[in-house]
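Engineer: sequence first, then the predicted structure:
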Amino acid sequence: MPRQRSGGAPVAPPAPAPRRTAFAEGVDRLRAAAVTEPGRLRIIGALLAALVVAFGTVTAWQMHERSTAADDVLTRSQPLTSDAADIYRSLAEANTAASSGFLAGGQETKASRDRYEKGIRTAAEGLVTAAAGSDADSPSAKTITKLNRLLPEYKGLIERARTYNRQGFPVGGAYLRYANEKMQQEMLPAAEDLYKTENQRLRADYADAKPYPWAALALGVLALAALTWAQHRNYRRTNRVLNQGLVAATATTTIVLLWLVVGHSVARSNLGDSYDHGVRSLNVLHDARIASLKARGNENLTLVARGAETKKVDGETYDAYDYDYGRNMATLGKGLAEAARLADDEAGKAPVAAADRDMTEWKKRHASAREQDENGNYQQALDLVIGGKGATVECFDGVDASLADAIGHEEREFKQAAGDGLGAMDNLPQGAGVLAGLGAAGALLGIGRRLSEYR
């Protein structure tokens, strides 16, 4: 019954104290445990195990990401970049072969026809490969669709040009120039866009593969510092130099940290080499080879058009195709100079030097052919361009073959360096996870050994 005041009024009982939350009670228990040595050891053991596990987990995660990006560099983005370059080159080669065959008139050689067919076939196969490696809604997919639409149109124009040319009708030259215009203004720019897009993807994969794993490194150093402190604390309190569990945890953490530093540094160095001495050289060589193909095509079209196409530059009137030939040769010269600078061994320098010698001779023979053409000696000019020994076609073939050799060498160097970079990270994510688990177990066992002394 409620109590009553002295005057007879009832008095309410005191309100019960509010019940404490489980979290607050847990905090109180931790505080109580922290003032005892066993409690402190349990907290230390839990923190050490958590640090080691966090180090292993972050290391496995970050190195898995870098390893995946390095694998993409080697097996996906660089091959797709090469495929895009091959599409570009093959289209330019087909265009060049078509103009060479046209100049021969009804005597088009089987070699010229085969070269044209090979260029078209290689471009078509490259488009299939590129489509398989591209996302359906990506810019690359749209470019590939455009090229697949333009390729049959171009082939149709070339076949009409050939048909009229064999019959001796001048309109064949107009069809060839229209086909060349479609190639130069629509198809090659689209192929170049595809090449640039794949190059951007390649650079993005390099950017994902090469950064230092700072979070993992920081956690590794923190875990080692905590383990060292725990062992020093153990020594001060027990006078025992070694705690086997903590020593094992320290050893495994040190192994993972060293593996991480050395493995990623080696991988980063090799990936850097694969880009500097592989990808950069390949980009320059591909551009140089395409410039040589364009130059050859414009050289042929100079004779096909016979002055029908002109352009004004700075008030001066030039033959349009001969002017473009000069620009292409200037690009080729710059490309060969850059390729020679980037080549890091004799096997890479030799074909570039050979291409440079052939280019120099090509310019001399081209000047002679232009002189004959301007003097009205069309047949002599034609012989100097598509004839046998002493013609510019000899020099062009030499440049093309040498650049193909140089590209093959640089591709082998890229694969070697990129493969070594990927290999340096082999098993690192898995190994880090396993060793971290062992380290955490060692830390718990070491602390457990100390706790057993209080039982």
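Structural biologist: Good, I have the coordinates. Everything numeric here is computed off the predicted structure, so don't read it as measured data. Numbering: from 1, shown residues only.

Engineer: what strand or helix carries R160?
Structural biologist: helix 139-166 (DSSP states H and E).

Engineer: tilt between the helix or strand following that helix and helix 139-166?
Structural biologist: Once the chain leaves helix 139-166, the next helix or strand it forms, by DSSP H and E, is helix 171-182. Per axes from the mean of the first three to the mean of the last three C-alpha atoms, to 10 degrees, the angle that helix 171-182 makes with helix 139-166 is 170 degrees.

Engineer: ok, V313 - contacts?
Structural biologist: Y323 (C-beta atoms under 8 Å, 6 or more residues apart in numbering). (C-beta placed from N, C-alpha, C; glycine too.)

Engineer: and A70, by the same measure?
Structural biologist: 205, 209, 267, 271, 418, 421-422, 425.

Engineer: show me what the helix or strand harbouring L217 is packed against.
Structural biologist: Using DSSP H and E, L217 falls within helix 214-238. In terms of contacts (3 or more C-beta pairs under 8 Å, 6 or more residues apart in numbering; DSSP states H and E), helix 214-238 is packed against helix 37-72, helix 244-274, helix 428-451.

Engineer: which other residues reach it?
Structural biologist: 37, 44, 47-48, 51-52, 54-55, 58-59, 62-63, 240-243, 246-247, 249-250, 253-254, 256-257, 260-261, 439, 443, 447, 450.

Engineer: quick one: low-confidence residue ranges for this protein.
Structural biologist: 1-20, 22-35, 105-108, 239-241, 307-308, 454-455 (pLDDT under 70).

Engineer: at the geometric centre of it, which residue do we find?
Structural biologist: The chain has L202 as the residue nearest its centroid, 2.2 Å off, counting by C-alpha atoms, centre = their mean.

Engineer: ok, now how distant is that one from S82?
Structural biologist: 10 Å (C-beta to C-beta, to the nearest Å).

Engineer: please apply the same query to V261.
Structural biologist: 33 Å.

Engineer: neighbour count winner among the two?
Structural biologist: S82 (20 against 15; other C-beta atoms under 10 Å).

Engineer: just checking, the more buried one is part of a helix?
Structural biologist: Yes - counting by DSSP: H, G, I helix; E, B strand; the rest coil, S82 is part of a helix.

Engineer: quick one, what contacts it?
Structural biologist: 282, 411.

Engineer: can you give me the helices for the stretch 251-400 of the chain?
Structural biologist: For the stretch 251-400 of the chain, helices defined by DSSP state H, counting those that start in this stretch occupy the ranges 280-305, 320-342, 346-374, 378-386, 392-424.

Engineer: other SSEs contacting the longest one?
Structural biologist: Judged by 3+ C-beta pairs under 8 Å, 6+ apart, helix 392-424 is in contact with helix 37-72, helix 78-103, helix 244-274, helix 280-305, helix 346-374, helix 378-386.

Engineer: picking up where we left off before, in what helix or strand does the residue nearest to the centre of the chain lie?
Structural biologist: Counting by DSSP H and E, L202 is found in helix 188-209.

Engineer: what's in contact with that helix?
Structural biologist: 65-67, 69-70, 72-73, 76-78, 80-81, 83-85, 87-88, 91-92, 130, 138-140, 143-144, 146-147, 150, 267, 271, 275, 279, 283, 286, 421.

Engineer: put the buried members of those into a ChimeraX selection.
Structural biologist: Those of the contacts of helix 188-209 that count as buried under 16 or more other C-beta atoms under 10 Å are selected in ChimeraX with:
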select :66,67,69,70,72,73,76,77,78,80,81,83,84,85,87,88,91,92,130,140,143,144,146,147,150,267,271,275,279,283,286,421
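
Engineer: redo the helices of the stretch 251-400 of the chain as JSON lines? Include distance to R113.
Structural biologist: Listed next are these as JSON lines, based on distance: least, C-beta to C-beta, whole Å:
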{"stretch": "helix 280-305", "distance to R113": "15"}
{"stretch": "helix 320-342", "distance to R113": "22"}
{"stretch": "helix 346-374", "distance to R113": "23"}
{"stretch": "helix 378-386", "distance to R113": "14"}
{"stretch": "helix 392-424", "distance to R113": "15"}
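
Engineer: tell me the spacing between R166 and Y321.
Structural biologist: 22 Å.

Engineer: those two: which has the busier surroundings?
Structural biologist: A side-by-side neighbour count of R166 and Y321, using other C-beta under 10 Å, places Y321 first with 24 against 14.

Engineer: hmm, Y212 is touching H264, no?
Structural biologist: Yes - using C-beta atoms under 8 Å, Y212 makes contact with H264 at a distance of 6.9 Å.

Engineer: count the neighbours of the closest residue to F55 other than its chain neighbours for me.
Structural biologist: Distance criterion C-beta to C-beta, 6 or more residues apart in numbering; nearest residue to F55, sequence neighbours excluded, is L219 at 4.2 Å. By the criterion of other C-beta under 10 Å, L219 has 23 neighbours.

Engineer: then the one 5 residues further on?
Structural biologist: By the other C-beta under 10 Å criterion, the neighbourhood of L224 contains 19 residues.

Engineer: for the spatially closest residue to L257 that is not a sequence neighbour, give its distance to W214.
Structural biologist: Nearest non-adjacent residue to L257, counting by C-beta to C-beta, 6+ apart: G220, 4.0 Å away. Distance of G220 to W214, computed by C-beta to C-beta: 11 Å.

Engineer: you'd agree K182 is up against E153?
Structural biologist: Yes - with contacts counted by C-beta under 8 Å, K182 reaches E153, the gap being 6.7 Å.

Engineer: among these two, which residue is more densely surrounded?
Structural biologist: K182 (17 against 13).

Engineer: and the residue nearest to the more buried one when sequence neighbours are not counted, how far is that from Y178?
Structural biologist: Using C-beta to C-beta, 6+ apart and skipping residues adjacent in sequence, the residue nearest K182 is Y154, 5.5 Å away. Y154 sits 10 Å away from Y178, taking C-beta to C-beta as the criterion.
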